[in-house]
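Q: Sequence and predicted structure, then a few things I'm wondering about:
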Amino acid sequence: MVNFDLDVLLTTEEYILELDKFQLERNNHFAINMYFHAATDATKILIDDESRKYFLVQFDKYAMFLGTLEEHGIHENDLKNQRPIVKLSDSKLLSFAKENMQTQVANTDRGPISHFVIRTFDQEFHVLSHSDPIVIDMGKK
């Protein structure tokens with residue numbers, strides 16, 4: 001059995017994701033928690049197939065959830081690929097954040113910011129973070 005972790009989500013094209021719930025965890029200084037279902041076929045997600053995986057992606061309190069690119073008027077076609085999560089060190093969204101959100105001066109002691117693209121079968125989410133998120137396999141739900 002393969003260990004289901006961030007490396008799997010960054011390197012495989014096997015899984016299709018669906019966001020189940022999103023929360024800011026107050027008891028953890030407002031860390032970003034995103035719960036997902038994952039399956040090898042979107043149909044398995046839609047019919048609540050028992051074989052789908054359920055997992056948590058948790059970003060620390062310094063991460064910035066930026067929603068979708070469309071919300072910011074940014075079009076970035078270079079992001080297209082089949083992996084469920086993509087980690088970028090350079091993108092139009094990172095440049096936008098540096099210019100308009102002063103990310104280059106905030107929390108600089110935490111290192112460089114990465115752009116994480118999380119793809120579900122119907123939507124993309126964008127998060128900027130100084131550190132990789134933690135992925136916790138929650139079993140099946």
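A: Perfect, thanks for sending it. Residues are numbered from 1 along each chain as shown.

Q: number of nearby residues for Glu50?
A: Here the count is done by other CB atoms under 10 Å, and Glu50 has 8 residues near it. For glycine as for every other residue, the C-beta is placed from the backbone atoms N, C-alpha and C.

Q: And Leu93, by the same measure?
A: Other residues lying near Leu93 total 20 when counted by other CB under 10 Å.

Q: Mind naming the longest helix for this protein?
A: Ranked by residue count and defined by DSSP state H, the top helix of the chain is helix 92-101.

Q: May I see the buried residues of that helix?
A: Across helix 92-101, burial judged by 16 or more other CB atoms under 10 Å covers Lys92, Leu93, Leu94, Phe96, Ala97.

Q: ok now do Val117, which residues does it touch?
A: Counting by CB atoms under 8 Å, 6 or more residues apart in numbering, Val117 touches Leu79, Ile85, Val86, Leu88, Glu124, Phe125, His126.

Q: in these, which two residues are the furthest apart from each other?
A: For the contacts of Val117, with distances taken as CB to CB, the pair at the greatest spread is Leu88 and Phe125 (13.6 Å).
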